[in-house]
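Engineer: Here you go, sequence then predicted model.
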Amino acid sequence: MGLDNPLHIAFLVVILLLVFGAKRLPEIGRSLGSGMREFKDSVSGEANKPTLTQTTQQQAPPAQQATPAPVQAPAEPTHQA
């Protein structure tokens, strides 16, 4: 008495179609799959993710900013007489 019989699985699918409708079933399956994937990643994948300190240490040091050249004042006009 389990889900080993294909007739039980077909009966379960018919009940799900009647309760949720054909439009909602793909959304439910997608959200259930993404939830299971996130749970699996959080349980087994935390050691693979770099921490914040490891990420900042791997980044290149900031480049030095070039200082702008000093601006010269315009020359005084000469008066020609």
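Structural biologist: Received, thanks.
Engineer: What score does residue 44 have for pLDDT?
Structural biologist: Note for residue 44: predicted pLDDT of 87.
Engineer: Quick check: the gap between it and residue 26.
Structural biologist: From residue 44 across to residue 26, the span is 27 Å (C-beta to C-beta, to the nearest Å). All C-beta spots, glycine's among them, are computed from the backbone N, C-alpha and C.
Engineer: for residue 7, same thing?
Structural biologist: In this view, residue 7 and residue 26 are 24 Å apart by C-beta to C-beta.
Engineer: so where do the helices sit in the chain?
Structural biologist: Using DSSP state H, the helices of the chain run over 6-20, 24-44, 52-58.
Engineer: now for those, which one comes closest to residue 70?
Structural biologist: Nearest to residue 70 among the helices of the chain is helix 52-58; the distance by C-beta to C-beta comes to 35.6 Å.
Engineer: Centroid-nearest residue for this structure?
Structural biologist: What sits nearest the mean C-alpha location of the chain, by C-alpha atoms, centre = their mean, is residue 38, with 11.8 Å.
Engineer: and residue 22, how many residues sit next to it?
Structural biologist: 8 (other C-beta atoms under 10 Å).
Engineer: Any regions of this structure where pLDDT drops low?
Structural biologist: Where the chain drops to pLDDT under 70, the residues are 1, 46-66, 79, 81.
Engineer: hmm, try it at 80
Structural biologist: The chain contains residues with pLDDT under 80 at 1-3, 45-81.
Engineer: Could you pull up the residues touching residue 9?
Structural biologist: Taking C-beta atoms under 8 Å, 6 or more residues apart in numbering as the contact definition, residue 9 lies against residue 3.
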